[in-house]
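Colleague: just to be clear, the model below is a prediction. Sequence and coordinates:
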Amino acid sequence: MTDKLKDAKIVFVVGGPGSGKGTQCEKIVAKYGYTHLSSGDLLRAEVASGSERGKQLQAIMQKGELVPLDTVLDMIKEAMIAKADVSKGYLIDGYPREVKQGEEFEKKIGAPALLLYVDAKAETMVKRLMKRGETSGRADDNEETIKKRLDLYYKATEPVIAYYEKCSIVRKVSRNTERNMMLQSNMTSVLSLTP
Ligand SMILES: Nc1nc2c(ncn2[C@@H]2O[C@H](COP(=O)(O)OP(=O)(O)OP(=O)(O)O)[C@@H](O)[C@H]2O)c(=O)[nH]1
Ligand SMILES: Nc1ccn([C@@H]2O[C@H](COP(=O)(O)OP(=O)(O)O)[C@@H](O)[C@H]2O)c(=O)n1
Ligand SMILES: [Mg+2]
């Protein structure tokens, strides 16, 4: 455990590829002033830096596989510490990807107060990612890698939601329709809930 992050309020944001995690996090930041840390964005920044480690990460991400747990956890922890003095709380977007990642986070940083589950149908996610791929420049927004990311999501990440349901910290936001009401009502109760 890190002293600086001892009392940090942590919200895990979990959902399939293209479910809208990043989009929902932006809304929460605008409304509640939380610090948004997307694990995928942190990894992409490392790739963009052109470092040796970045090159290794790129190869893994292009295949839609998971990068080594320690790498992503270290990056998140570093980014959290950098914001510790100004942060009201953290939205950890795209992490944990598997139960083990959650366990390690709790050991090294702390327990989440909540898990925000961004739910969307596979069909919706694929459609959105294919559309995003037209302009995103993301090497993994292509049909083949999207399929692999989806498979891995259902196999490895969905069990994370069940795992945290046991301690009743899961709040679901459904993104299958265009209505925003769900986000509003869910988030108000979510973020005012004391850990
Ligand atoms: N129509 C519609 N599109 C949305 C909605 N939320 C997100 N999108 C779009 O769907 C795509 C994926 O959204 P993101 O917020 O990037 O999804 P994500 O879960 O962060 O995806 P990854 O970065 O791949 O993990 C983007 O092009 C968004 O503009 C929504 O509620 N309705
Ligand atoms: N905790 C994480 C987060 C992302 N990643 C990698 O980064 C890629 C992009 O993650 P992301 O969260 O931006 O996007 P989605 O796969 O959710 O659409 C994943 O496909 C993984 O290769 C990872 O390995 N471990
Ligand atoms: Mg994202």
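Modeller: Great, that's in hand. Numbers count the residues shown, from 1 in each chain. Ligands and ions are numbered 1, 2, ... in the order given.

Colleague: drop to CA atoms for contacts and neighbour counts, all remaining ones
Modeller: Will do.

Colleague: now for the chain, the helix or strand with the poorest mean pLDDT.
Modeller: helix 181-192 (a mean of 53; mean pLDDT, DSSP states H and E).

Colleague: any idea how far ligand 1 is from the residue of the chain most remote from its centre?
Modeller: For the chain, the C-alpha farthest from the mean C-alpha position belongs to Glu52; by CA atoms, centre = their mean, that distance is 24.4 Å. To ligand 1, Glu52 is 23 Å away according to CA to the nearest ligand atom, to the nearest Å.

Colleague: same deal with Leu43?
Modeller: 11 Å.

Colleague: which neighbouring elements make contact with the helix or strand that residue falls within?
Modeller: Assigning secondary structure by DSSP states H and E places Leu43 in helix 39-48. Packing partners of helix 39-48 (3 or more CA pairs under 8 Å, 6 or more residues apart in numbering; DSSP states H and E): helix 52-62, helix 69-83, strand 90-93.

Colleague: so the last one, near ligand 1 or not?
Modeller: Read it as strand 90-93. No - using CA under 6 Å from any ligand atom, strand 90-93 stays clear of ligand 1, with a minimum separation of 7.6 Å.

Colleague: next helix or strand past that strand?
Modeller: Under the assignment DSSP H and E, the closest C-terminal helix or strand after strand 90-93 is helix 99-108.

Colleague: give me the contact list for the next helix-or-strand element following that following helix.
Modeller: As assigned by DSSP H and E, the chain's next helix or strand after helix 99-108 is strand 114-119. Residues outside strand 114-119 that contact it (CA atoms under 8 Å, 6 or more residues apart in numbering) are 10-16, 19-21, 161, 164, 169-176, 190, 195.

Colleague: any of those buried? List them.
Modeller: Buried subset of the contacts of strand 114-119 (neighbour count, 16 or more other CA atoms under 10 Å): 10-16, 19-21, 161, 164, 169-175, 190.

Colleague: could you find the closest non-adjacent residue to Pro112?
Modeller: Ile10 (4.7 Å; CA to CA, 6 or more residues apart in numbering).

Colleague: for that neighbour, list the residues it contacts.
Modeller: Ile10 sits in contact with 89-92, 110-114, where contact means CA under 8 Å, 6+ apart.

Colleague: among those, who's most crowded?
Modeller: Leu91 (26 neighbours; other CA atoms under 10 Å).

Colleague: which residues does that one bridge with?
Modeller: Bridge pairing for Leu91 (DSSP bridges) gives the partners Val11, His36.

Colleague: report pLDDT for it.
Modeller: Among the per-residue scores, Leu91 shows a pLDDT of 97.

Colleague: pull up the residues of this protein that are close to ligand 1.
Modeller: 17-23, 128-129, 132, 175, 178.

Colleague: among those, name the ones in helices.
Modeller: Using DSSP state H to define helices, the subset of the residues of the chain next to ligand 1 located there is 21-23, 128-129, 132.
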